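[1] Got a sequence here, can you build the structure:
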Amino acid sequence: AWAKVDKHTFFFQFSWLISISVLLTLVGGRLLKQAKAPLLLHKPFIVVWNAPTEQCRLRYKVDLDLSIFDIASNTNETLSGSNVTIFYHTHLGYYPYYSDNGDPVNGGVPQNESLIKHLNKAKSDIDYSIPMKKFQGLGVIDWENWRPQWDRNWGNKTIYRNKSLEMVRQRHPHWSEDKIRKVAKEEFENAGKSFMNNTILLAEHMRPNGLWGYYLYPDCYNYDYKEQPETYTGKCPDIESSRNDLLLWLWKESTALYPSIYLDYILKSSPNALKFVHYRVKEAIRIASIARKDYVLPVFVYSRPFYAYTFRVLTEIDLVHTIGESAALGAAGVVLWGSIQYESCSTVKQYIDGPLGHYVINVTSAAKLCSKVLCKKNGRCIRKNSDSSAYLHLPPQNFKIQVRHSEKGPRFQVTGKLSLKDIEAMRQRFMCQCYQGWTGIFCELPDRRVRDASHEAACGLVLSRTMQHPSAPKSQQAVHTSAPFPSSVGDVIISRASKPPLNGLLISWHLFFPHFLLRNMKFTDIDNGHFLTSVAIKLILAFKIND
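    Got it, this is the predicted structure:
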């Protein structure tokens with residue numbers, strides 16, 4: 001039968017099979033959703049220092065020169081600055097919570113505090129902490145006292161469920177416990193959602209170039225390594241992944257994700273440490289890919305140079321388990337966090353000058369090199385098989401990382417060159433995730449969709465400006481003046497005014513709208529869509545609204 005096949009037909013079929021085989025091998029690169037361009041140009045993976053270590057220099061004369069390690073740090077290594085700012089619960093608005101003594105602060109539960117009052121205060125706090133209008137760094141909101149999902153408030157967070165139940169029970173003493181629980185859950189979750197969503201929306205309106213998200217979101221809840229170390233898999237429980245899916249409202253409003261991979265000392269240098277980190281980062285990458293339709297959110301993984309609650313530095317293998325694993329899975333960076341109570345600045349310096357700095361320069365250099373060789377600098381390299389043991393490391397046989405003792409210039413110097421064998425190994429283990437605006441297996445092609453979208457947006461802007469210009473024809477001006485904003489606001493006002501006690505009143509919406517709408521706005525109103533949310537936030541930005 002083979003003898004009767006025309007050689008041209010055979011060649012065509014054979015070539016087709018080869019093409020399909022190659023496509024199937026590399027199709028993962030094509031199907032990957034595009035990523036947001038890196039925070040720093042041509043740096044697909046960065047390490048950020050987020051620790052207030054300026055006292056090391058001021059008090060102990062120990063200089064931590066982090067910039068030479070390609071570690072982006074704030075001026076004087078403070079917690080807040082041009083590169084990264086973290087807002088704790090006491091530093092952003094009127095965050096409701098219960099103290100360790102059980103005393104309510106700002107109402108205790110979110111349904112007890114005024115959202116407008118909170119947002120007004122949050123606006124002032126953001127202006128104070130981030131005075132730079134063009135802030136382009138990491139904006140991290142650290143709210144850990146309660147979680148917006150009822151079922152995730154367990155342990156010492158049970159108080160938020162109990163207090164919510166008490167509030168409903170006091171208002172409706174004759175209701176059944178099932179009904180009380182249902183309403184309490186609904187009120188708490190609606191209020192919590194409104195607080196979290198509107199706070200991050202306000203931040204994004206004020207500092208639109210920042211990368212905003214909540215610390216520890218998403219979480220994986222894979223903490224059972226203490227109870228069952230021998231059978232520990234590291235996988236996120238199915239129920240927790242499902243609950244993360246239900247937080248889509250939060251992922252849609254975030255512009256970055258900040259999961260945590262702090263290692264307990266019990267995990268030191270163990271396979272369980274890798275399992276713990278792997279599935280936490282993997283879950284964050286999964287959420288990042290479903291949050292937006294057009295691109296994958298950048299993931300910045302919070303880690304520590306020490307084991308949790310200790311000043312024992314991570315071993316070299318655990319640097320691989322944390323920083324290395326995050327880079328290989330496709331994170332945009334790792335944030336190294338530290339508390340203010342550094343007992344030994346010299347220990348920190350020795351670690352940075354030694355294993356930590358050496359490994360950071362290794363991974364960040366390898367990530368840049370892979371991006372250049374495989375992805376034309378238009379994408380980042382990620383594992384083809386997320387569960388493999390491939391890492392973005394410089395090939396030790398062809399590269400050297402040398403310590404420079406000169407006071408000027410970088411402390412570490414990387415020398416070497418990739419061999420053809422090294423490049424082939426990269427292609428076998430890694431694939432490209434293209435940045436927005438680029439496509440192709442190796443990110444070699446401009447994405448026409450982005451170009452066309454930009455062209456349409458530009459045309460729309462020109463058209464809009466033409467309509468507004470005084471010299472435009474009256475017909476065009478009429479089209480512009482019939483824009484939906486006033487009529488939509490009017491519809492809202494008329495709708496609200498038609499209900500008691502405001503029915504029958506003649507309302508001038510352009511004079512009465514701010515106080516009228518916001519004073520009577522409930523959490524459910526804000527949740528009905530972006531319109532009311534955007535209007536409320538823009539009004540707060542425009543002028544201070546009294547609650």
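
[2] for stretch 42-57, which positions count as buried?
    Lys43, Pro44, Phe45, Ile46, Val47, Val48, Trp49, Asn50, Ala51, Pro52, Thr53, Cys56 (16 or more other Cβ atoms under 10 Å). Just so you know, the C-beta spots here come from the backbone N, C-alpha and C atoms, and that holds for glycine as well.

[3] The nearest residue to the fourth one once chain neighbours are set aside pairs with what?
    For Ile46, ignoring the flanking residues on the chain, the nearest one in space by Cβ to Cβ, 6 or more residues apart in numbering is Gly333 at 4.1 Å. Gly333 has the following beta-bridge partners by DSSP bridges: Ile46, Phe300.

[4] quick one: His174 from Phe188, how far?
    21 Å (Cβ to Cβ, to the nearest Å).

[5] correction: Trp438
    Distance, Trp438 to Phe188, by Cβ to Cβ: 44 Å.

[6] So for the two, which residue has more residues nearby?
    When Trp438 and Phe188 are compared on other Cβ atoms under 10 Å, the one with more neighbours turns out to be Phe188, at 25 against 22.

[7] on that earlier part again, near the residue nearest to Ile46, how many other residues are there?
    27.

[8] can you pull the contacts of it?
    Under the criterion of Cβ atoms under 8 Å, 6 or more residues apart in numbering, the contact partners of Gly333 comprise Leu39, Phe45, Ile46, Val47, Val48, Pro298, Phe300, Val301, Ser326.

[9] Just give the nearest non-adjacent residue to the fifth one, would you?
    Spelled out, that is Val48. Nearest-residue entry for Val48: Val335, 4.5 Å, with adjacent residues in sequence omitted and distances by Cβ to Cβ, 6+ apart.

[10] Show the average pLDDT along the strand or helix carrying that neighbour.
    When secondary structure is defined by DSSP states H and E, Val335 falls within strand 333-337. Model confidence over strand 333-337, given as mean pLDDT, is 93.

[11] cool, and stretch 42-56?
    In the prediction, stretch 42-56 has an average pLDDT of 86.

[12] tell me how far the ends of it are from each other?
    According to Cα to Cα, to the nearest Å, stretch 42-56 extends 31 Å from its N-terminal end residue to its C-terminal end residue.

[13] so how far is it from its chain's centroid?
    Counting by Cα atoms, centre = their mean, to the nearest Å, stretch 42-56 is centred 17 Å from the centre of its parent chain.

[14] repeat for stretch 254-267
    Here the centre of stretch 254-267 is set off from its chain's centre by 12 Å, with Cα atoms, centre = their mean.

[15] in that stretch, what counts as buried?
    By neighbour count, and taking 16+ other Cβ under 10 Å as the criterion, the buried residues in stretch 254-267 are Ser254, Thr255, Ala256, Leu257, Tyr258, Pro259, Ser260, Ile261, Tyr262, Leu263, Asp264, Leu267.

[16] and Ser365, how many neighbours does it have?
    When counting by other Cβ under 10 Å, one arrives at 20 neighbours for Ser365.

[17] Revised request: answer the last question for Tyr223.
    In terms of burial, Tyr223 registers 11 neighbours under the definition other Cβ under 10 Å.

[18] Kindly report the same for Pro355.
    16.

[19] mind pulling up the phi and psi values for it?
    Recorded main-chain torsions at Pro355 are phi -60, psi -40, according to degrees, to the nearest 10.

[20] Low-confidence ranges, this structure, go.
    Along the chain, the parts satisfying pLDDT under 70 run over 1-31, 67-81, 340-343, 406-410, 450-536, 538-547.

[21] Where is the longest helix in it?
    Counting residues, the longest helix found in the chain (DSSP state H) is helix 177-206.

[22] Show me what secondary structure element comes after that one.
    The helix or strand immediately downstream of helix 177-206 is strand 211-214, counting by DSSP H and E.

[23] Alpha carbons of that following strand, as PDB, please.
    Provided in PDB are the C-alpha atoms of strand 211-214 (Å, rounded to 0.1, in the frame of the first residue of the first chain):
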ATOM      1  CA  LEU A 211      -0.600  47.400  41.500                       C
ATOM      2  CA  TRP A 212      -3.300  47.000  44.200                       C
ATOM      3  CA  GLY A 213      -4.300  43.900  46.000                       C
ATOM      4  CA  TYR A 214      -4.900  42.300  49.400                       C
END
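
[24] who are the neighbours of it, in terms of helices and strands?
    Under the contact criterion of 3 or more Cβ pairs under 8 Å, 6 or more residues apart in numbering; DSSP states H and E, strand 211-214 touches strand 138-142, helix 177-206.

[25] which other residues reach it?
    Strand 211-214 is touched from outside by 39, 137-143, 196, 200, 203-204, 250, 254-258, 297-298, 300, with contacts defined as Cβ under 8 Å, 6+ apart.

[26] Partner strands of that strand, with direction?
    Short version: by DSSP bridges, strand 211-214 pairs with strand 138-142 (parallel).

[27] Now do the buried residues in the helix or strand just after the strand it pairs with.
    Read in the C-terminal direction, the helix or strand following strand 138-142 is helix 158-171, with elements assigned using DSSP H and E. Of all the residues in helix 158-171, those buried under the rule 16+ other Cβ under 10 Å are Ile159, Tyr160, Arg161, Lys163, Ser164, Leu165, Met167, Val168, Arg169.

[28] need the contact list for the fourth one.
    Spelled out, that is Lys163. Applying Cβ under 8 Å, 6+ apart, we find Lys163 in contact with Tyr98, Pro104, Gly108, Val109.

[29] Tell me which stretches of the stretch 351-500 of the chain form strands.
    Counting by DSSP state E, counting those that start in this stretch, one finds strands in the stretch 351-500 of the chain at the ranges 379-383, 399-403, 412-416, 430-434, 438-439, 445-446.

[30] Can I get the ones you listed in a markdown table including distance to Asp238?
    A markdown table is the format used below for the strands of the stretch 351-500 of the chain (distance: least, Cβ to Cβ, whole Å):
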| stretch | distance to Asp238 |
| --- | --- |
| strand 379-383 | 23 |
| strand 399-403 | 42 |
| strand 412-416 | 43 |
| strand 430-434 | 26 |
| strand 438-439 | 34 |
| strand 445-446 | 38 |
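
[31] Quick one: closest of those strands to Gly354.
    Of all those, the one in closest proximity to Gly354, counting by Cβ to Cβ, is strand 399-403 (8.9 Å).

[32] what packs against the closest one?
    Packing partners of strand 399-403 (3+ Cβ pairs under 8 Å, 6+ apart): helix 357-375, strand 412-416.

[33] Distance of Ile382 relative to Asp264?
    Between Ile382 and Asp264 the distance is 27 Å, computed by Cβ to Cβ.

[34] Val62 too?
    28 Å.

[35] cool, Ile285 as well?
    For Ile285 relative to Asp264 (Cβ to Cβ), the value is 23 Å.

[36] before we move on, what about Asp224?
    According to Cβ to Cβ, Asp224 and Asp264 sit 12 Å apart.

[37] TSV please, covering the contacts of Gly333 and showing distance to Ala366.
    What follows is the contacts of Gly333, written out as TSV (distance: Cβ to Cβ, whole Å):
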residue	distance to Ala366
Leu39	18
Phe45	9
Ile46	13
Val47	13
Val48	18
Pro298	19
Phe300	19
Val301	17
Ser326	13
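
[38] Of these, just say which sits nearest to Leu392.
    Phe45 (7.3 Å).

[39] Give the phi and psi angles for that closest one, as a check.
    The phi/psi pair for Phe45 (degrees, to the nearest 10) is phi -140, psi 120.

[40] wait, what's in contact with it?
    Taking Cβ under 8 Å, 6+ apart as the contact definition, Phe45 lies against Ala327, Ala331, Ala332, Gly333, Val334, Val363, Thr364, Ala367, Lys368, Arg380, Leu392.

[41] hmm, back to that, figure out which of the helices and strands packed on strand 399-403 is closest to Pro446.
    helix 357-375 (13.9 Å).

[42] Work out the gap between that closest one and the centre of the chain.
    22 Å.
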